[in-house]
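# take a look and give me a structure for this.
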Amino acid sequence: MKEYIYQDLCRIAGAAHVLRDEPMSRHTTFRVGGPAQLLVTPDGESLPEVIAYCRKKETPCLVIGNGSNLLCGDGGVDGVVVEIGKRMSGIRVEENVESAAPDRTVTAETGALLSAVAARASAESLTGFEFAAGIPGSVGGAVVMNAGAYGGEMVDVLSEVTVLTPENEIRTIPVGELGLSYRCSVIPERGYIVLSAALRLEKGDPARIQARMEELKEKRVAKQPLEYPSAGSTFKRPEGYFAGKLIEDAGLRGFTVGGAQVSEKHCGFVINRGGATAADICSLMEQVQRTVREQFGVALEPEVKFVGKF
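Okay, here's the model as predicted:
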């Protein structure tokens, strides 16, 4: 990485927000991954300039959020990693005066954690977002992959999304134009970067909202290996099946490669038992896929995204 690129990014985003050779293990929930040559944490004002600069200099640029759905290679990431987080995490609640329905619009910046948005909605007695309270991700990533849990998905509550286009223009796009489906949207293929999302939520009973959030929290604690680093559900749900059930039926509960393991608590999760490398996790995932395919003829597709050098 040329020194002038580091200096220029320090000027754009502030020197305190540009790190050299930063371990990606500090920025993913798997807690694995080699160093990023440069890692930048911009605010809303500097983000477009950082992206435009990287494009102008033809410097590889990877945009991430909370890192909760990423597996970063042990060889790290060449170029610039742009981490959108606390500096772009504002949440605003507004009444929909043009609507006769008892609803509100919650506008959340891309770096806001889903748990924080759910807590704010609950504090405002707004219902519809309880399903997302325990998802360990940020708004931007949740929009990109149409995140969901316990019968709810982002598409159910989104009204519009504001993005930065490849031409460095800011556009607001209605939810119907985002192609949201199971863990999928058109956002990556169009090169959009999510800046904020507007959610339409209804007024509800505060006690019922809180009770539902507590109920889902208890289910997660009871059924998911939250005590270990992971990226959540490792594989997408195959049509007509459940990934965790297939893996369990294949006799792979507790299957281990190095520091990586198929969770004994929930076979749909691959966990970092301690000291796992990205290579361990990749090898384990490949062996799980091969075994399930051989036994049941079902192809498991990873839900986690692979970034960096493996």
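# all contacts plus neighbour counts: C-alpha atoms, from now on.
Noted.
# so which strand or helix has the residue lying closest to Ala133 once chain neighbours are set aside?
Excluding its sequence neighbours, the residue lying closest to Ala133 (Cα to Cα, 6 or more residues apart in numbering) is Ser115, at 4.4 Å. Assigned by DSSP states H and E, Ser115 belongs to helix 114-123.
# roughly how far is that helix from the heart of the chain?
17 Å (Cα atoms, centre = their mean, to the nearest Å).
# what helices or strands is that helix leaning on?
helix 206-223 (3 or more Cα pairs under 8 Å, 6 or more residues apart in numbering; DSSP states H and E).
# give me that answer again for 10 Å
strand 91-95, strand 103-109, strand 126-127, helix 139-144, strand 193-203, helix 206-223 (3 or more Cα pairs under 10 Å, 6 or more residues apart in numbering; DSSP states H and E).
# related to what we said a few turns ago, list the contacts of the residue nearest to Ala133.
Ala121, Phe129, Glu130, Phe131, Ala132, Ala133, Gly134, Ile135, Pro136, Gly137, Ser138, Val139 (Cα atoms under 10 Å, 6 or more residues apart in numbering).
# from Ala207, how far off is the residue nearest in space to the middle of the chain?
Against the mean C-alpha coordinate of the chain, by Cα atoms, centre = their mean, the closest residue is Gly141 at 3.8 Å. According to Cα to Cα, to the nearest Å, Gly141 and Ala207 sit 29 Å apart.
# do Asn69 as well
Distance, Asn69 to Ala207, by Cα to Cα: 32 Å.
# and these two? which has more neighbours close in?
More crowded of Asn69 and Ala207, by other Cα atoms under 10 Å: Asn69, with 25 against 10.
# do I have it right that the more buried one meets Lys236?
No: with contact defined as Cα atoms under 10 Å, Asn69 does not count as touching Lys236 (11.9 Å).
# find residues that contact each of the two.
Glu303, Val304.
# save the helices and strands packed on helix 114-123 as CSV, and put in mean pLDDT and distance to Ala15 too.
Shown next, in CSV, are those (pLDDT from 0 to 100; distance: least, Cα to Cα, whole Å):
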stretch, mean pLDDT, distance to Ala15
strand 91-95, 92, 26
strand 103-109, 93, 23
strand 126-127, 96, 39
helix 139-144, 96, 25
strand 193-203, 96, 22
helix 206-223, 94, 39
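# using a markdown table, lay out the ones you listed together with distance to Phe306.
As requested, the helices and strands packed on helix 114-123 are arranged in a markdown table below (distance: least, Cα to Cα, whole Å):
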| stretch | distance to Phe306 |
| --- | --- |
| strand 91-95 | 29 |
| strand 103-109 | 25 |
| strand 126-127 | 34 |
| helix 139-144 | 14 |
| strand 193-203 | 18 |
| helix 206-223 | 25 |
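# so which of those gets nearest Val186?
Of all those, helix 139-144 sits nearest to Val186, with 7.9 Å by Cα to Cα.
# ok, the helix or strand just after the closest one: who's next to it in the sheet?
Following helix 139-144 in sequence order, the next helix or strand is strand 148-149 (DSSP H and E). Strand 148-149 has the following strand partners under DSSP bridges: strand 152-153 (antiparallel).
# what average pLDDT does the partner strand get?
Throughout strand 152-153, pLDDT has a mean value of 94.
# next helix or strand past that strand?
Criterion used, DSSP H and E; the element after strand 152-153 is strand 158-164.
# pull the CA atoms of the next helix or strand along the chain from that next one into PDB?
For strand 158-164, the following helix or strand on the C-terminal side (DSSP H and E) is strand 170-174. Extracted in PDB, the C-alpha atoms of strand 170-174 (Å, rounded to 0.1, in the frame of the first residue of the first chain):
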ATOM      1  CA  ILE A 170     -27.200   9.400  -3.200                       C
ATOM      2  CA  ARG A 171     -30.500   7.800  -4.100                       C
ATOM      3  CA  THR A 172     -33.600   6.700  -2.100                       C
ATOM      4  CA  ILE A 173     -35.100   3.500  -3.500                       C
ATOM      5  CA  PRO A 174     -38.600   2.100  -2.600                       C
END
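# who does strand 170-174 touch, helix- and strand-wise?
Counting contacts by 3+ Cα pairs under 10 Å, 6+ apart, strand 170-174 packs against strand 158-164, strand 193-203.
# what are the buried residues along the helix or strand just after it?
Sequence-wise, the next helix or strand downstream of strand 170-174 (DSSP H and E) is helix 187-190. Buried residues in helix 187-190, counting neighbours by 16 or more other Cα atoms under 10 Å, are found at Ile187.
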